[in-house]
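[1] From the sequence below, what's the structure:
(one chain, ligands or ions: 1)
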Amino acid sequence: MEYKNILFKVDEGIAIITFNRPKALNAMNSETMAELLDAATLCKKDDNIKVLILTGSGDKAFVAGADIAQMQNITVAEGLKFMELGHETLRMIETMPKPSIAAVNGFALGGGTEISLACDMRFAAENAVFGQPEILIGIIPGWGGTQRLPRLVGMGIAKELILGGGQINAQRAYEIGLVNKVFPPASLMEETKKFAKKLAFLPAFAVKMAKYSINYGYDLALDNANRLEMECCAQCFSTQDQKEGMKAFIEKRKPTYTGK
Ligand code: CAA
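    Okay, here's the model as predicted:
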């Protein structure tokens, strides 16, 4: 697929997808979402890609939401199709067997907050702004905001943001656990890449099992979730990386992982 609305590059096992419609503050129309789905699917399938970073071009926005101009006059059926495309894309990112980080470099409103919520971690620039303002224009979040936000920050704060439609800055987002780390705007990408590099060097199967256990255990009853964790942990003993990791520890040297 040829990309018109995103930039996609891979460097040393780290894929960076940049939303690239700065004049519309990187608002997501259906074409952009389809490109994200395509690029993220490539990341999922390519064993050489270890980590995915999502960010926005320009210095003002990550993603200012779903494209309001495109949505203004759509029908219920078209709305459902657009929401399904978003959900398919974001669930795929959320469950892909490798970590993803949203590097939030400005406005992340509506669908922008929702895209970041589907990533495993959110690193924000000090000027980042989060919120679910859909209610202010007569709809509600449609790409997972009503589900992922309460799971991350709790029901009360999620309801404040979704029912009230207000915006919060990076510091507040950090305080409520929506954001993992906050950096000065100029160092956001550098710091995000530094962390991504650390993740990229880890034993890939263990990373995959950790994410799997968290994702699929979260909504289970504790006994079932613990059982899932035991199985996932046990599977790690099938890998060469586990042998190497423990051997290197005993021999007091740095491990060399091969992803096998
Ligand atoms: N859709 C389409 N265009 C958008 C957009 C959006 N979500 N957000 C910004 N733009 C466009 C503006 O229309 C404007 O275009 P023009 O220059 O052609 O007029 C350009 O981007 C710059 O925006 P502003 O002039 O508004 O910039 P600002 O600095 O004054 O304000 C802002 C910035 C607070 C982010 C404001 O643009 C804004 O409120 N945007 C909309 C945010 C929003 O409501 N997002 C939720 C969308 S619904 C959704 O996401 C549904 C879902 O859950 C899937």
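
[2] Every contact and neighbour count from this point should use C-alpha atoms.
    OK.

[3] Tell me the predicted confidence for residue 259.
    Residue 259 carries a pLDDT score of 93 in this model.

[4] List the contacts of it.
    If you count contacts by Cα atoms under 8 Å, 6 or more residues apart in numbering, residue 259 has them with 203-205, 240-241.

[5] Looking at those, which are in helices?
    Counted as lying in helices by DSSP state H, out of these, are 204-205, 240-241.

[6] quick one, longest helix in the protein?
    helix 76-95.

[7] tell me which residues of that helix are tucked away?
    82-83, 85-87, 89-90, 92-95 (16 or more other Cα atoms under 10 Å).

[8] again with stretch 13-32
    13-22, 25-30, 32.

[9] swap in stretch 233-248?
    Quick answer for stretch 233-248 (16+ other Cα under 10 Å): 236, 239, 241-242, 244-245.

[10] Kindly report the same for stretch 154-166.
    Within stretch 154-166, the residues scored as buried using 16+ other Cα under 10 Å are 158-159, 161-163, 165-166.

[11] Which two of the buried residues of helix 76-95 have the greatest separation?
    Maximum pairwise distance among these (Cα to Cα): 20.2 Å, between 82 and 95.

[12] picking up where we left off before, could the ones in helices among the contacts of residue 259 go into JSON lines alongside distance to the ligand and pLDDT?
    Listed next are these as JSON lines, based on distance: Cα to the nearest ligand atom, whole Å; pLDDT from 0 to 100:
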{"residue": "204", "distance to the ligand": "32", "pLDDT": "97"}
{"residue": "205", "distance to the ligand": "33", "pLDDT": "98"}
{"residue": "240", "distance to the ligand": "43", "pLDDT": "98"}
{"residue": "241", "distance to the ligand": "40", "pLDDT": "98"}
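
[13] can those residues go into TSV with extra columns for distance to residue 194?
    Below are the ones in helices among the contacts of residue 259 laid out as TSV (distance: Cα to Cα, whole Å):
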residue	distance to residue 194
204	17
205	21
240	26
241	22
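
[14] now for these, which pair is the farthest apart?
    Pairwise across these, and taking Cα to Cα, the largest span is found between 204 and 240, at 10.9 Å.

[15] returning to what we had before: looking at the ones in helices among the contacts of residue 259, which one is closest to residue 172?
    Nearest to residue 172 among the ones in helices among the contacts of residue 259 is residue 204, at 33.1 Å by Cα to Cα.

[16] Could I get the contacting residues of that closest one?
    Neighbours of residue 204 in contact, by Cα under 8 Å, 6+ apart: 50, 98, 259-260.

[17] before we move on, what about residue 173?
    Contact analysis of residue 173 by Cα under 8 Å, 6+ apart lists 130, 179.

[18] Please report the distance of it from residue 157.
    11 Å (Cα to Cα, to the nearest Å).

[19] What of residue 238?
    42 Å.

[20] where does the stretch 1-150 of the chain come near the ligand, residue by residue?
    Within the stretch 1-150 of the chain, the residues that sit near the ligand (Cα under 6 Å from any ligand atom) are 23-25, 27, 64-69, 107, 109-111, 133-134, 141-143.

[21] Just the buried ones from the residues you listed?
    Buried among those (16+ other Cα under 10 Å): 25, 27, 64-67, 107, 109-111, 133-134, 141-143.
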